[in-house]
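Student: fold the stuff below for me.
(4 chains)
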2 protein chains.
Amino acid sequence: MAAEYCKDVPTARNRGDEPATGVRQRTRRAVLDAALSLWSRDFSAPLGDIADRAQVSRSTLHRYFPDRQALVDAALVDAIETIERVSEKATANCATAAEELDALMRAMVDVGDLILFLFSDTDRFTGNPHWDSDDEDEQELATLITRAQQEGALADDVAPDWAVGCFYSLVFAAASSISAGTLPRHRAADLAVRTFLHGLANR
Amino acid sequence: MAAEYCKDVPTARNRGDEPATGVRQRTRRAVLDAALSLWSRDFSAPLGDIADRAQVSRSTLHRYFPDRQALVDAALVDAIETIERVSEKATANCATAAEELDALMRAMVDVGDLILFLFSDTDRFTGNPHWDSDDEDEQELATLITRAQQEGALADDVAPDWAVGCFYSLVFAAASSISAGTLPRHRAADLAVRTFLHGLANR
DNA sequence: CGATAATGACACACCACTGTCCCATTTTGT
DNA sequence: ACAAAATGGGACAGTGGTGTGTCATTATCG
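Tutor: Sure, this is the predicted structure:
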């Protein structure tokens, strides 16, 4: 018999990248959300659990994402896209670098699950072709921090690498507090911003 | 035939809790260290990998820890014990609460792998009978923070819960930087302490 | 040296997750 | 109402981690 079998339905690659009309786009989104939601807490969560969370059969999940790796990749790019979109929107009209850091951190806290997914296990995506997109973001954050140092908002003698790691860690902490119900969202964001800006400010 | 079979050798429970002479104690330690080292980065690491890291056959590993859960429990209590011991030693002769926080954070950074193991996945040990021991530590840290607030070293309007989470997050960040080779140990510890104390200080 | 302790190397059976395939059923759009 | 699209629900084999057990070999200690 012939070589390629058209499986049963889509996979988004079986069709010529048409915008993925209504239904398909929605279930795809549901699966991605479920994956991000579960994998942000436990990356070893099986596909069956994700399908359940997405209220979809495992069959359907496999139709959209042939294997686990495909879903991982898709979740990765989706998370990065969302973060970039949210970040850009949040820092649209900021005067100073400090303001920008403030807004950026609050935006990150709002999508804390994605941060957890991306950074809770550093070498989870090493070697993934899509991971580069995020390196750019980190670089962008590093330059933003340098700018804040030049403006005097942050101390000069702080290693930018530390500032970046510190930034994400505090977002992480805030997101954890929120998801654990320890602190209300706005309060957690306030504290994270305050801790970051004061902690790295000039003495 | 009788009920219980003595397996092949120890398990530490088959014998009457004698101090576990030389060899046994050493291999047990090697396995625990391997488990903590691997699980601190990837909790789904299989027992075979741990046995390899400990330079021990999987058979031997199972002789010391009958099943995965037993090793998890043992690693948990061992990590907690180490942390408590190190903490106590570090904060032995501190005058102020701020000094104590400083020393405590540096001590935590030194055993960063254990912190990663314990806190990288919050609900990893929920329901574990041995997990309580650590709750006490967190409580102790909370009271220490309250004391620092009374002494004026930390701001009053900071929620103790946040301070605790923030404390561990910064330790986490420092440990990550060190293990990634981004920063030398002492530098990372300095920055973490500085960020914490300044970040939560009065304005 | 000799007895016991400790280990290594396998061979299994078991189970959960994965990926594939098929077919019946429901939903969507015309 | 009708055809195509989308889904659900299985059955199935492959795979990797786990736990148990046996036996031969090595290390340790009296």
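Student: CA only for contacts and neighbour counts going forward, please
Tutor: OK.
Student: who are the contact partners of the residue nearest to the spatial centre of chain A?
Tutor: Centroid-nearest residue in chain A, with CA atoms, centre = their mean: A:L114, separated by 3.3 Å. Each residue near A:L114 by CA atoms under 8 Å, 6 or more residues apart in numbering or on different chains is listed here: A:L36, A:S40, A:A79, A:I83.
Student: show me what from chain A comes close to chain B.
Tutor: Residues of chain A lying near chain B by CA under 8 Å from any CA of the partner chain: A:41-42, A:44, A:120-121, A:158, A:161-162, A:165-166, A:169-170, A:172-174, A:177, A:182-183, A:188, A:191, A:194-200.
Student: quick check: which element contains the residue nearest to the centre of chain A?
Tutor: For A:L114, the enclosing helix or strand under DSSP states H and E is helix A:112-119.
Student: what do you get for A:P66?
Tutor: For A:P66, there is no enclosing helix or strand under DSSP H and E.
Student: let me know the pLDDT of it.
Tutor: A:P66 carries a pLDDT score of 97 in this model.
Student: that one - how many residues pack around it?
Tutor: Counted with other CA atoms under 10 Å in any protein chain shown, the neighbours of A:P66 add up to 15.
Student: cross the residues of chain A next to chain B against helices and list the overlap.
Tutor: A:161-162, A:165-166, A:169-170, A:172-174, A:177, A:188, A:191, A:194-199 (DSSP state H).
Student: which of the residues you listed are buried?
Tutor: The neighbour-count criterion (16 or more other CA atoms under 10 Å in any protein chain shown) marks A:161-162, A:165-166, A:169-170, A:172-174, A:177, A:188, A:191, A:194-199 among those as buried.
Student: low pLDDT regions in chain A?
Tutor: A:1-20 (pLDDT under 70).
Student: in it, where's the longest helix?
Tutor: When chain A is parsed with DSSP H, its longest helix is helix A:68-90.
Student: moving C-terminal of the helix holding A:L114, what's the next helix or strand?
Tutor: Taking DSSP H and E, what comes next after helix A:112-119 is helix A:132-150.
Student: so that following helix versus helix A:68-90, what angle?
Tutor: With axes from the mean of the first three to the mean of the last three CA atoms, to 10 degrees as the basis, helix A:132-150 and helix A:68-90 are set at 30 degrees to each other.
Student: who does helix A:132-150 touch, helix- and strand-wise?
Tutor: helix A:68-90, helix A:97-110, helix A:160-180 (3 or more CA pairs under 8 Å, 6 or more residues apart in numbering or on different chains; DSSP states H and E).
Student: can you list the domains in chain A?
Tutor: Domain assignment for chain A by automatic domain parsing gives A:9-66, A:78-199.
Student: and the shortest one, is it in reach of DNA strand C?
Tutor: Going back to what we said before, that points to domain A:9-66. Yes. Using CA under 7 Å from any atom of the strand, domain A:9-66 reaches DNA strand C at A:T21, A:G22, A:V23, A:S44, A:A45, A:P46, A:L47, A:G48, A:S59, A:H62, A:P66.
Student: and what of the last one?
Tutor: No. In terms of CA under 7 Å from any atom of the strand, no part of domain A:78-199 sits within range of DNA strand C; the closest distance is 14.8 Å.
Student: chain center to that domain: distance?
Tutor: 10 Å (CA atoms, centre = their mean, to the nearest Å).
Student: please report phi then psi for A:V56.
Tutor: When read as degrees, to the nearest 10, the backbone of A:V56 gives phi -140, psi 150.
Student: thinking again about what came up before, so which of the helices and strands packed on helix A:132-150 is nearest A:G152?
Tutor: Closest of the helices and strands packed on helix A:132-150 to A:G152 is helix A:97-110, at 9.2 Å (criterion: CA to CA).
Student: which parts of the closest one are buried?
Tutor: Buried, per 16+ other CA under 10 Å, within helix A:97-110: A:97-98, A:100-110.
Student: next one: the residue in chain A positioned nearest to chain B from A:A163, what distance?
Tutor: With CA to the nearest CA, the shortest gap between chain A and chain B falls at A:G199, namely 3.5 Å. Taking CA to CA, to the nearest Å as the measure, A:G199 falls 10 Å from A:A163.
Student: one step back: what's the closest of the helices and strands packed on helix A:132-150 to B:R53?
Tutor: helix A:68-90 (27.1 Å).
Student: for that closest one, packing partners?
Tutor: helix A:22-39, helix A:97-110, helix A:112-119, helix A:132-150.
Student: what are the buried residues along that helix?
Tutor: A:71-80, A:83-84, A:86-87, A:90.
Student: check contacts around A:L32.
Tutor: Counted by CA under 8 Å, 6+ apart, A:L32 has contacts A:L71, A:A74, A:A75, A:D78.
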